[in-house]
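S.K.: Predicted model and sequence follow; I will ask about them next.
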Amino acid sequence: MYPESIKNLIESFKFLPGIGEKTAERLAFSILDLEEEQVSLFSDSLLAVKEKIHPCPICNTFTDADICFVCSDSSRDTSTLCVVEDTKSVFLFEKLGMFQGMYHVLDGLISPLDGINPEDIGLDKLIDRIKKENFKEVIFAFRPSIEGETTSLYIKRVLDGMGVVVTRLASGVPMGADIEYVDSLTLERALNDRKEIE
């Protein structure tokens, strides 16, 4: 029932995660209300992201430069490495402005049930980097899940004997959460990571 160009735009929006039929229709019709310059900017931005963004050769973070903004910053603490599962995590930490060390982005997390094994997430590059750059501490900043736990334990085993301190983000019961709805992994982690009240 829609003209072909609108139908194609709706189908294109549905490529994005979390966008269903109704949201795609709403977005497509909102494009019709934009000025031509705005639509051109939107279109050019989509193309530029695909053409210019690539993984940093050092840490695997998305960048449009030869080396990302973190790896090229000489004021960073090069003794600490924060390992994350995706680039979004890097930008989240940087927005908070609390971490001044280096990052390394994996290509996801180990998940044998989904057929994702250690060799599929770029661990070789991470291990080589840790050996070469003499980090004193490696922090795992993965989501609290079975996959995050599996990945942490696997890398920790590989790093044993390398003289590097391995830590992970403390996690536990979120503020305001009803304890009966908290999953068992989070509860176990919260109990194990308990701290003395000062």
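M.R.: Here it is on my side, so go on. The structure presented is a predicted model; accordingly, all values stated were derived computationally and were not measured. Residues are numbered from 1 along each chain as shown.
S.K.: Give me the neighbour count for the residue nearest to residue 127 when sequence neighbours are not counted.
M.R.: Spatial nearest neighbour of residue 127, excluding adjacent residues (C-beta to C-beta, 6 or more residues apart in numbering): residue 158 at 6.1 Å. All C-beta atoms are positioned from the backbone trio N, CA, C, and that covers glycine. Counted with other C-beta atoms under 10 Å, the neighbours of residue 158 add up to 14.
S.K.: you'd agree residue 158 is in a strand?
M.R.: No - looking at residue 158 with DSSP: H, G, I helix; E, B strand; the rest coil, it is helix, so not inside a strand.
S.K.: pLDDT at it, what is it?
M.R.: pLDDT recorded at residue 158 is 93.
S.K.: can you list the domains in the protein?
M.R.: 4-52, 72-192 (automatic domain parsing).
S.K.: now residue 118: how far from residue 35?
M.R.: 50 Å (C-beta to C-beta, to the nearest Å).
S.K.: So for those two, which sits in the more crowded spot?
M.R.: For the pair residue 118 and residue 35, the greater number of neighbours falls to residue 118 (15 against 8), based on other C-beta under 10 Å.
S.K.: Nearest residue to the middle of this protein?
M.R.: With distances taken as C-alpha atoms, centre = their mean, the residue of the chain nearest its centroid is residue 86 (2.3 Å).
S.K.: ok now do that one, which residues does it touch?
M.R.: 105-106, 108 (C-beta atoms under 8 Å, 6 or more residues apart in numbering).
S.K.: what's in contact with stretch 144-153?
M.R.: Taking C-beta under 8 Å, 6+ apart as the rule, stretch 144-153 contacts 85, 106, 109-112, 121, 140, 142, 168, 171, 185-186, 189.
S.K.: cutoff 7 Å now
M.R.: For stretch 144-153, contacts defined as C-beta atoms under 7 Å, 6 or more residues apart in numbering pick out 109-111, 140, 142, 168, 171, 185-186, 189.
S.K.: Columns pLDDT on top of these, output as CSV?
M.R.: Below are the contacts of stretch 144-153 laid out as CSV (pLDDT from 0 to 100):
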residue, pLDDT
109, 94
110, 93
111, 92
140, 92
142, 88
168, 87
171, 74
185, 75
186, 76
189, 73
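S.K.: For PyMOL, write the selection for the buried entries among those.
M.R.: Buried subset of the contacts of stretch 144-153, written as a PyMOL selection, criterion 16 or more other C-beta atoms under 10 Å:
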select buried, resi 109+110+111+140+142+168+186+189
